[in-house]
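> My questions concern the predicted model and sequence given below.
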Amino acid sequence: MQIVNATQLPIVRLGQVEKRYGKGEGSVHALQAIDLVVERGEFAALVGQSGSGKSTLLNLIGGIDKPSGGRVHFLGQDLAELNDRELAQLRAQEIGFIFQFFNLLPVLSVFDNVYYPLMLNGYKKEQARRQVMQALERVGLEKHAMRPPLELSGGQQQRVAIARALVKKPALVIADEPTGNLDSETGRSVLELMQEINRENGTTFIISTHADSVRDVASRVIRIADGKLQHV
Ligand SMILES: Nc1ncnc2c1ncn2[C@@H]1O[C@H](COP(=O)(O)OP(=O)(O)OP(=O)(O)O)[C@@H](O)[C@H]1O
Ligand SMILES: [Mg+2]
C-alpha cells in the first residue's frame with residue numbers, strides 16, 4: 001500500500017489545460033495544452049508578452065475561472081470535482097491573491113481589509129485581531145491599521161494586499177503583476193518582502209511579471225507565448 005503524504009504533493013499540477021474565451025468565429029484560444037507542475041516552496045516568475053495568457057493561467061490555477069479542457073489539481077485535489085461552495089472554501093483557506101491594482105476595499109480600514117479573508121473563513125473580529133495585527137506588523141503597517149487604504153502610498157497599499165493574502169497562511173500566493181503599478185524602487189521592496197515570506201514560511205509564490213527584477217530573483221522562470229508554455 002502506498003501512503004500518500006499530502007506535504008509531498010505538488011501545490012498545483014496542470015494536465016493538458018485549454019482555455020477558450022467565447023465560441024465560434026471570434027473565440028480566443030487563450031491557453032493550449034498546458035502541462036505544468038509547481039512544487040511547494042517555489043518562488044516562480046511567469047513571464048510573457050501582453051496577451052500571452054498569464055492572467056488566464058493564474059485565474060485557472062487559483063480556481064477563479066475554469067478550464068475549457070484538461071485538469072487542474074491543487075494539492076492533489078481535482079478542482080473540477082469540487083462544487084462552487086467547496087471551491088470557494090479551498091480558495092478562502094489555501095490561496096492568497098495579489099493584484100496589480102491592489103483591489104483593496106476603499107470603504108474598509110486597512111485592518112478590516114486584512115480581516116476580510118478571515119471573516120470569510122468564519123472568524124469573529126475579536127478572534128482574528130491578533131492574527132490581523134501580526135500580518136500588518138509583518139508588512140510594517142501596524143501603525144496604519146485604522147486608516148482607509150486610499151490614504152496610503154501605492155507601495156503601502158500593496159503591502160496591505162500582501163498582508164491580506166498572507167493572513168490566512170495559505171499554501172499558495174498568486175500575484176498578477178504585483179509590481180506593475182509601482183515605481184522600480186517600491187517594486188523592489190515589495191518583491192523583497194514576498195521573497196522573505198517565501199523563505200520564512202515556505203509559502204509558494206507564482207508571480208506574473210514584466211519586470212526583470214522579479215525574473216532575476218525567481219527560483220524558476222515559466223515562459224508563456226501565444227498561450228503555450230515555452231520549454232527552454
Ligand atoms: N474575459 C475574456 N474574454 C475574452 N478574451 C479574453 C478574456 N480575458 C483574456 N482574453 C484574451 O485571452 C488572451 C490572454 O489574455 P491574458 O489576460 O491572459 O494575457 P496576459 O498575459 O495576462 O496579458 P497582460 O500582460 O497584458 O496582462 C488575450 O488574447 C486576451 O485578449
Ligand atoms: Mg495579465
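Noted; the coordinates are in hand. Ligands and ions are numbered 1, 2, ... in the order given.
> what about the longest helix along the chain, distance to the chain center?
Longest helix in the chain by number of residues (criterion: DSSP state H): helix 184-201. In this view, helix 184-201 has its centroid 14 Å away from the chain centroid, taken as Cα atoms, centre = their mean, to the nearest Å.
> now for it, which elements pack on it?
Packing partners of helix 184-201 (3 or more Cβ pairs under 8 Å, 6 or more residues apart in numbering; DSSP states H and E): strand 43-47, helix 154-166, strand 172-176, strand 204-209, helix 212-217. C-beta here means a position set from N, CA and C on the backbone, and glycine is covered the same way.
> Tabulate the ones you listed (CSV), appending distance to ligand 1, mean neighbour count and mean pLDDT.
Putting those into CSV (distance: least, Cβ to the nearest ligand atom, whole Å; neighbours: other Cβ atoms under 10 Å; pLDDT from 0 to 100) gives the following:
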stretch, distance to ligand 1, mean neighbour count, mean pLDDT
strand 43-47, 8, 23, 97
helix 154-166, 17, 24, 96
strand 172-176, 7, 25, 97
strand 204-209, 6, 25, 97
helix 212-217, 13, 16, 92
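> CSV for these, including distance to residue 14?
CSV is the format used below for those (distance: least, Cβ to Cβ, whole Å):
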stretch, distance to residue 14
strand 43-47, 12
helix 154-166, 21
strand 172-176, 13
strand 204-209, 11
helix 212-217, 21
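> of the ones you listed, which approaches residue 87 most closely?
Ranking the helices and strands packed on helix 184-201 by proximity to residue 87 (Cβ to Cβ) places strand 172-176 first, at 14.3 Å.
> Just the helices from this structure, written as ranges.
54-61, 84-94, 110-120, 125-138, 154-166, 184-201, 212-217.
> re the thing from before, what residues sit buried inside the longest helix of the chain?
186-188, 190-191, 193-195, 197-198 (16 or more other Cβ atoms under 10 Å).
> Can you report how many residues neighbour the residue in the chain positioned nearest to ligand 2?
Relative to ligand 2, the nearest point of the chain is residue 55 (3.2 Å; Cβ to the ion). Each residue near residue 55 was counted by other Cβ atoms under 10 Å, and the total is 19.
> My understanding was that it contacts residue 209; is that so?
No - counting by Cβ atoms under 8 Å, residue 55 does not reach residue 209; the two are 11.7 Å apart.
> Identify the residues contacting the nearest residue to residue 170 once chain neighbours are set aside.
Excluding the flanking residues, the one nearest residue 170 by Cβ to Cβ, 6 or more residues apart in numbering is residue 96, at 4.3 Å. Contact partners of residue 96, counting by Cβ atoms under 8 Å, 6 or more residues apart in numbering, are 117, 164-166, 168, 170, 172-174.
> if we can go back for a sec, tell me the angle the longest helix of the chain makes with helix 154-166.
20 degrees (axes from the mean of the first three to the mean of the last three Cα atoms, to 10 degrees).
> C-alpha coordinates for helix 184-201, PDB please?
Extracted C-alpha coordinates of helix 184-201, given in PDB (Å, rounded to 0.1, in the frame of the first residue of the first chain):
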ATOM      1  CA  SER A 184      11.000  50.400  -9.500                       C
ATOM      2  CA  GLU A 185      12.400  51.100  -6.000                       C
ATOM      3  CA  THR A 186       9.000  50.500  -4.300                       C
ATOM      4  CA  GLY A 187       8.500  47.500  -6.500                       C
ATOM      5  CA  ARG A 188      11.800  46.100  -5.400                       C
ATOM      6  CA  SER A 189      10.900  46.400  -1.700                       C
ATOM      7  CA  VAL A 190       7.600  44.700  -2.300                       C
ATOM      8  CA  LEU A 191       9.400  42.000  -4.100                       C
ATOM      9  CA  GLU A 192      11.900  41.600  -1.200                       C
ATOM     10  CA  LEU A 193       9.000  41.300   1.200                       C
ATOM     11  CA  MET A 194       7.500  38.500  -0.800                       C
ATOM     12  CA  GLN A 195      10.900  36.700  -1.000                       C
ATOM     13  CA  GLU A 196      11.300  37.000   2.800                       C
ATOM     14  CA  ILE A 197       7.900  35.500   3.300                       C
ATOM     15  CA  ASN A 198       8.700  32.700   0.900                       C
ATOM     16  CA  ARG A 199      11.900  31.900   2.800                       C
ATOM     17  CA  GLU A 200      10.500  32.200   6.300                       C
ATOM     18  CA  ASN A 201       7.200  30.400   5.900                       C
END
